[in-house]
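*Asks:* next one to model:
(chains A, B, C and D)
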4 protein chains.
Amino acid sequence: MSSEQILKNTNADILDEFNASIMFDKELYTQDIKGSIAHSQMLCEQGILTKEEQLEIENGLFQVKNEIETDQFKFSLEYEDIHMAIENRLTQIIGEPGKKLHTARSRNDQVATDFRLYVQEKTLKIKDQLKELVSTFVEISNKHTTTLIPGMTHLQHAQPLNFGYHLLAYANMFKRDFQRFESSYERNNYCPLGSAALAGTPHDINRGSTSEKLGFTAPTSHAMDTVSDRDFALEILFNISTSMMHVSRIAEELVTWSSYEFQFIRISDEYATTSSIMPQKKNPDVPELLRGKTGRVYGNLISLFTVMKALPLAYNKDTQEDKEGVFDSVKTIEISLKILNEVIKTMIVNNDKMESACKVGHLSATDLADFLVKKKNMPFRTAYYITKDVVEKANSLDKDISELSISEIRESNDEIKDIDEELLMYLDLRNSMNARTSFGGTSTIQTENQLKDFENWLKNN
Amino acid sequence: MSSEQILKNTNADILDEFNASIMFDKELYTQDIKGSIAHSQMLCEQGILTKEEQLEIENGLFQVKNEIETDQFKFSLEYEDIHMAIENRLTQIIGEPGKKLHTARSRNDQVATDFRLYVQEKTLKIKDQLKELVSTFVEISNKHTTTLIPGMTHLQHAQPLNFGYHLLAYANMFKRDFQRFESSYERNNYCPLGSAALAGTPHDINRGSTSEKLGFTAPTSHAMDTVSDRDFALEILFNISTSMMHVSRIAEELVTWSSYEFQFIRISDEYATTSSIMPQKKNPDVPELLRGKTGRVYGNLISLFTVMKALPLAYNKDTQEDKEGVFDSVKTIEISLKILNEVIKTMIVNNDKMESACKVGHLSATDLADFLVKKKNMPFRTAYYITKDVVEKANSLDKDISELSISEIRESNDEIKDIDEELLMYLDLRNSMNARTSFGGTSTIQTENQLKDFENWLKNN
Amino acid sequence: MSSEQILKNTNADILDEFNASIMFDKELYTQDIKGSIAHSQMLCEQGILTKEEQLEIENGLFQVKNEIETDQFKFSLEYEDIHMAIENRLTQIIGEPGKKLHTARSRNDQVATDFRLYVQEKTLKIKDQLKELVSTFVEISNKHTTTLIPGMTHLQHAQPLNFGYHLLAYANMFKRDFQRFESSYERNNYCPLGSAALAGTPHDINRGSTSEKLGFTAPTSHAMDTVSDRDFALEILFNISTSMMHVSRIAEELVTWSSYEFQFIRISDEYATTSSIMPQKKNPDVPELLRGKTGRVYGNLISLFTVMKALPLAYNKDTQEDKEGVFDSVKTIEISLKILNEVIKTMIVNNDKMESACKVGHLSATDLADFLVKKKNMPFRTAYYITKDVVEKANSLDKDISELSISEIRESNDEIKDIDEELLMYLDLRNSMNARTSFGGTSTIQTENQLKDFENWLKNN
Amino acid sequence: MSSEQILKNTNADILDEFNASIMFDKELYTQDIKGSIAHSQMLCEQGILTKEEQLEIENGLFQVKNEIETDQFKFSLEYEDIHMAIENRLTQIIGEPGKKLHTARSRNDQVATDFRLYVQEKTLKIKDQLKELVSTFVEISNKHTTTLIPGMTHLQHAQPLNFGYHLLAYANMFKRDFQRFESSYERNNYCPLGSAALAGTPHDINRGSTSEKLGFTAPTSHAMDTVSDRDFALEILFNISTSMMHVSRIAEELVTWSSYEFQFIRISDEYATTSSIMPQKKNPDVPELLRGKTGRVYGNLISLFTVMKALPLAYNKDTQEDKEGVFDSVKTIEISLKILNEVIKTMIVNNDKMESACKVGHLSATDLADFLVKKKNMPFRTAYYITKDVVEKANSLDKDISELSISEIRESNDEIKDIDEELLMYLDLRNSMNARTSFGGTSTIQTENQLKDFENWLKNN
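*Replies:* Residues are numbered from 1 along each chain as shown, chains lettered A, B, ... in the order given. Below you'll find the predicted structure:
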């Protein structure tokens, strides 16, 4: 073989490697076979395939599926993508009828169908996982509706909460995520099959039939739009990004809470790891990795947006770049939600530490101001400045305001020199938490109402 | 004044400039005043404000609004944000009652309410614009259901379409955008007001009342989640990004179509510009700028995602960075949709050029293959290879296959040496376009059906 | 005026607003005037302008500059961009010679020159700021080379450091940033002027002369590349993003350190803010905002990358979208570095709290392992497991290992039942810190060496 | 086995899958072994290992390397990462000395070293590829220094260029890319090894020695900074993004140029593909895919920026997410540059089509204006308006201005009614191209100079 010949081959190999998508789109083999079976059944209904041909195709496709699942199928770059690879193998097995399968369809609508089926199936799966995660937050929350924790803004103690309430904030986020996936599922549940290359087909096909067989609501309504549309893929990437952003927030809190300084929780030994040179350490690797994985899903979103920018109609090869990012984001969220669920379930909550932390930072300062407004009918801004004086008094005594005596309070500012002793009750931290009874507030009663709503939601979704 | 004093002041100025949001969040003044009025009315209903106090507040706020709208209001860095600026001015005008307005709320829920009101109002406006744009595409499409244009994949001629059909692809995209905005509007139409700092309030407020007054579906259900939640802002940024991505695609086509080489359309003189040194040029600046503006909206999306990553609960100052990007994206899409609408309406379509272009590239090649499949019952793959031979024959004669005589066709491959003359009808370009009668296909009849569906949709939305 | 006329005008206004860049590119007025003066001088040198014409132009341009700087210049959308606005005003002032200024240049190379001048000037300014910031870190670090702080990995105590050393990590980051800006400055210091529209010019110009007058190294070497090249803008956006990422890291630490739980530092009152309803709070708003501003600079980077993707040569209007993001990123980093510098300079360091924190978490565990390796010649992995036993012993006694007696240590594991008392010295926290004398290590001596290197670097850069 | 037990194991498996990096960081096995050998040699030089121990380690590591390269090595999730996997296997092979290898290092500096070695090696490789690509552009350019092509701005014909000159624009871009990689290589060529966990080590190591053995310039100067620093990874991601952006621009042009409408070039059959249902089509899949791949590299950049945002010092597990994106971007650019190089080398240039396209669009209009300025001493703006009249005249005659007779020109505007016939020479398209002799201009002479400069650069780099 001449050296020029070799060079040629080498280039061809590189080209195959560059062009081919089979090494990642084989992920879609079930969807491809499912789609082909539905297509062949419809072709048969329409008299385009005979009953015998259809049966041969269907059995042949089952055999291919079986070969793939038992590792007997050779994924070769030669057949560029999973669709060609399956069709080729089918034709090897059943001969002529295999060649008829591609009637009235094109790779463009076939790819769009397979990919959409994948996105829709995964959307349902992620919804289930989100629901399970909400359920876990509800479960753990239920145990902590009276456990005090310093509610923070700016990582500074602000007002006392119960820990169950804090966790429910995340239940709300993941519930919203669930709703977003639900909404994108419905908006995108339309079947591309039969759009053909870009303009539909002259064959007398029944798109409604394939759509129904594949579980879609209806066929898409414009062939050219359909083969160029990747909105459904952008939507799942966005939904995953938003959800992983929420994961990153609880992850950040878990890391902070498990520091020596906070010690609000401990990650269970199963989910904490050790150092290769510091045997004394328990590292919150798992929450950190959850937090870090936000990066890749953001990246996948921006990747597809970049690909789609300024693409003329209709199908262009650029679009082949749509899948890997979606596969990666889907896998990332699947494992992340699973792992987060376990971490939350198994974390050890240090009630004492949380409660004692509440005594630092004058958490009931707002209650003092509110008391002055409600009971003394002061304008809020005036009450605010008096509160400031009480806080300073407390600081000078090295106490929390919840620990001040009534006389100490009365000394701090002239306008409250006769303030009722009843005030002390309002400064009590647990009372402070329970005072926030407005809808959506932190009081134990409100938290319990919210828990009931969640339980109903879990039952009905 | 000592030089140290001066330094101090300089720093303080820079700090104000750094911290303050008033220079951009003044955009929210109507929402802030609207929210404050609703809040004061509710406080009055609940007996927290007297009727007189409430009226003074309401009138005072109207005065502030008027001052802003007549440029008499001084936006000063001193009052950090629009909320403080308005409250301060109110108190200057009406005195004590002004100080009571902040009862039972915090800047955290106030900001969240104002911003959400803005996003919701803009969402409705963008929906209107999208509908108008769809209507324009439908209108222009209606005039071109029989105008041939070469349908392209890979920027290569593929199959003949009608130009109306091509435009409807975009109508479909912008309709999906409309639906996404509709969906995010509903999902986020909940009222933050009354969430207070992070935990609700001990005041006996009625969040349902403020929610209703402000046009929300209901109050949000968890205070801490509410003050940290920016999902609604991410959603509008994503929806805008997707919509601008669609804009960039039609923009790319407009640029290509108006090149000397294509000449499919001409941008109306009003929307084309000239060169500073080349007087002969008409540049499609407007579509180019539309295409370029995709960049900024993608950037704004990734900005907010970055801000939200790993933020602990509840409110952190980082979140102040949520607004400018949303304002910018909203303005970008508003003007872009408006401009695109005009460009489409006023473009000059060169029917002749489009139709003559159809005669290049053997656009009816698929019809030949389909004919062999349907009439001769050949497997698709066999028909495909015969078609290839006919194409080669045509190339050797420097003709399009639609221009071949029946004998020329018969000579190209032995298997079709007796093929019926009827075939010629199938190779005719207009017939080819009209043959694609499958649901969603390009035939004039299908296109007209789709136009009817759009007209119904426009009527009902 | 007919209503159609009005519509027309309205559209035209919107179009002007859409197309025009003057409202943001007026930022470039000094660069534009500087560039025009250099251009006119060169034209004069080459005999294309007379000495008189050149003088009129130069004086006219100074007048325009003065008008802009004294707010007498009307920035009108009518003149689309700052370049046209200045040229028009110049021609109003000096008449005919003004019209000759545009000889041998085009808006394409003019814009490219102005923008590059801006980027280069700002690069130098940012470099200065980075140097000042490094200098601040060095200054504060100098005061804390013996202050113990628990060095953390995974937000868990790992090994004792001195606080000066910790701060120097940031000095290293900002020094690298400085070097990146230095490198991009040099790589991009080439003059676009004279590239004209895309192909150069037939006029007998001297590009070397304008390049030199404007402080560039040399003229760019290819006109078409030059007018389409925005690599220099991407580079500054990337450099700013990386630098702001570093800012976000120290910001995160400042927030964590100033929590009640850590109390390692306190943000000075000047740079901390208070809550609108919680008078007791000191919020680290400034570091939080620094952290949040990372979002916008990342967004600006991705925006320009999106704009440039798949742009054909040469100039396209999309490129007009290159400037706002750069202006915004530049302003962001300028104020951020200034503010961070002040925050670091004025923060109150709580030495006691840091040092006492070192006694939690067995920070000298690695020293125990290292002692066994060095003195007892154990394999590291064996020493690791013995250390683990000692840690467990300490935990059982509720002590830090640095507080164990020699007999308590000897009891923890059989292999060290005779270990020398000398070991205790190694477990001492300050000794532990000082033991790390390897190059780049934390020992006070090493830290002082590093400080010396920084002082030299500061002197020489 | 009870079902609970199974659940436990399943979780553990998932956790391993989640935490472990071995499935992707095995990519670093050569770097890890190289680093370990250098480390062991240095430990031996310092008397920490005996000569015998060091030899056993080195031979053991070579055996491990051989096992990996002959597929005998079992990559198991159990050993989490490639570093642990290799160390474990080493210890299985050689026993005790294997356990000593980890003396005076930590996984933190080990990972940082391996990853940096990878980035540096790949940087050199990419530089080579960029140089080869520049060389290809120079080679093809050399053949086309007199081939006319319409130079475009806004995808509109602007001025005539030679095609060699157009290609050299890309040579300039890829040369800049080369310089960026060169610069980042030098800036980051520092050795992390010996930084240990975060603070250096008490062992008497010689970091200069390992640094030298591994080909670094010097050891890094701050341990804590080093283990948290990923600037070098961001830099390669940015450099790749910028370079792929350039690839996307030539790719866009190749797609446009190979459309039926342009026909400026044809992609060689080897690099064009066919349709699954349209046998007549030659699709520019390869350039399209090159263009699409820009998305993933942008995404990888934003991913790592997201990961690094607000990470506290020192090492956090989030950083494990740094590698996959870099591996993917490196592979993407490696194959993309290789493929692009071939596509450019093998494309068929249609000189005739390009040249005839120059006769459309009045490409010499600027020459007319320049002639009036230079020869008639008109102000540029006046000449501009006269040119406009000539263009209109030509349009009315359906000619290009290069085809007008002198009398037709004279008729178009009174001010040039006596213009010299010499003008016609200036309107000739080839003359027009050759007139642009300014430095960096398109004239053949200038292009040849630029080619010479490139040849020198290629020789010296």
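*Asks:* tell me what the helix or strand harbouring residue A:180 is packed against?
*Replies:* Using DSSP states H and E, residue A:180 maps to helix A:163-187. Packing partners of helix A:163-187 (3 or more C-beta pairs under 8 Å, 6 or more residues apart in numbering or on different chains; DSSP states H and E): helix A:107-142, strand A:148-153, helix A:231-257, helix A:444-460, helix B:163-187, helix B:223-228, helix B:231-257. C-betas here are computed from N, CA, C, even on glycine.
*Asks:* contacts for the second one, please.
*Replies:* Residues lying outside strand A:148-153 but in contact with it, judged by C-beta atoms under 8 Å, 6 or more residues apart in numbering or on different chains, are A:157-163, A:166, A:264, A:354-355, A:357-358, A:360-361, A:363, A:429-430, A:433, A:442, B:108, B:197-199, B:224, B:227, B:312-316, C:260, C:275, C:281, C:283.
*Asks:* put the buried members of the residues you listed into a ChimeraX selection.
*Replies:* In ChimeraX, this line selects whichever of the contacts of strand A:148-153 come out buried by 16 or more other C-beta atoms under 10 Å in any protein chain shown:
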select /A:157,158,159,160,161,162,163,166,264,354,355,357,358,361,363,429,430,433,442 /B:108,197,198,199,224,227,312,313,314,315,316 /C:275,281,283
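*Asks:* residue contacts, residue A:429?
*Replies:* Counting by C-beta under 8 Å, 6+ apart, residue A:429 makes contact with A:148, A:160, A:358-359, A:363-364, A:402.
*Asks:* and which of those is nearest residue C:182?
*Replies:* Taking C-beta to C-beta as the measure, residue A:363 is the one of the contacts of residue A:429 closest to residue C:182, at 49.5 Å.
*Asks:* ok, that closest one touching residue A:159?
*Replies:* Yes - using C-beta atoms under 8 Å, residue A:363 makes contact with residue A:159 at a distance of 5.5 Å.
*Asks:* what is the orientation angle of the helix holding residue A:180 with helix A:444-460?
*Replies:* Calculated by axes from the mean of the first three to the mean of the last three C-alpha atoms, to 10 degrees, helix A:163-187 forms an angle of 30 degrees with helix A:444-460.
*Asks:* buried ones in helix A:163-187?
*Replies:* In helix A:163-187, counting by 16+ other C-beta under 10 Å, buried: A:163-185, A:187.
*Asks:* what is the burial count for whatever residue of the stretch 101-250 of chain A ends up closest to chain C?
*Replies:* Here the residue of the stretch 101-250 of chain A nearest chain C is residue A:154; by C-beta to the nearest C-beta that distance is 3.9 Å. The number of residues packed near residue A:154 is 25, by other C-beta atoms under 10 Å in any protein chain shown.
*Asks:* run through the residues that contact it.
*Replies:* Applying C-beta under 8 Å, 6+ apart, we find residue A:154 in contact with B:315-317, C:255, C:281, C:283-285, C:288.
*Asks:* and those near chain A, which?
*Replies:* B:315-317, C:255, C:281, C:283-285, C:288 (C-beta under 8 Å from any C-beta of the partner chain).
*Asks:* from those, pick the one nearest chain D.
*Replies:* For the ones next to chain A among the contacts of residue A:154, the residue nearest chain D by C-beta to the nearest C-beta is residue C:255; the value is 8.9 Å.
*Asks:* right, and the closest one touches residue C:289 too?
*Replies:* No - with contacts counted by C-beta under 8 Å, residue C:255 stays clear of residue C:289, the gap being 10.6 Å.
*Asks:* who has more neighbours out of the two?
*Replies:* Remark: of residue C:255 and residue C:289, residue C:255 carries more neighbours, 28 against 23, as counted by other C-beta under 10 Å.
*Asks:* distance of that one relative to residue C:285?
*Replies:* 10 Å (C-beta to C-beta, to the nearest Å).
*Asks:* ok, now residue A:169?
*Replies:* 22 Å.
*Asks:* for residue A:378, same thing?
*Replies:* In terms of C-beta to C-beta, residue A:378 sits 27 Å off from residue C:285.
*Asks:* picking that back up, what angle sits between the helix holding residue A:180 and helix A:231-257?
*Replies:* Per the same axes, to 10 degrees, the angle that helix A:163-187 makes with helix A:231-257 is 170 degrees.
*Asks:* excluding chain neighbours, what is closest to the residue nearest the centre of chain A?
*Replies:* The residue lying closest to the centre of chain A (C-alpha atoms, centre = their mean) is residue A:243, at 3.3 Å. Of all residues not flanking residue A:243 in the chain, residue A:177 sits nearest, at 4.2 Å (C-beta to C-beta, 6 or more residues apart in numbering or on different chains).
*Asks:* mind checking pLDDT for that neighbour?
*Replies:* As predicted, residue A:177 sits at a pLDDT of 98.
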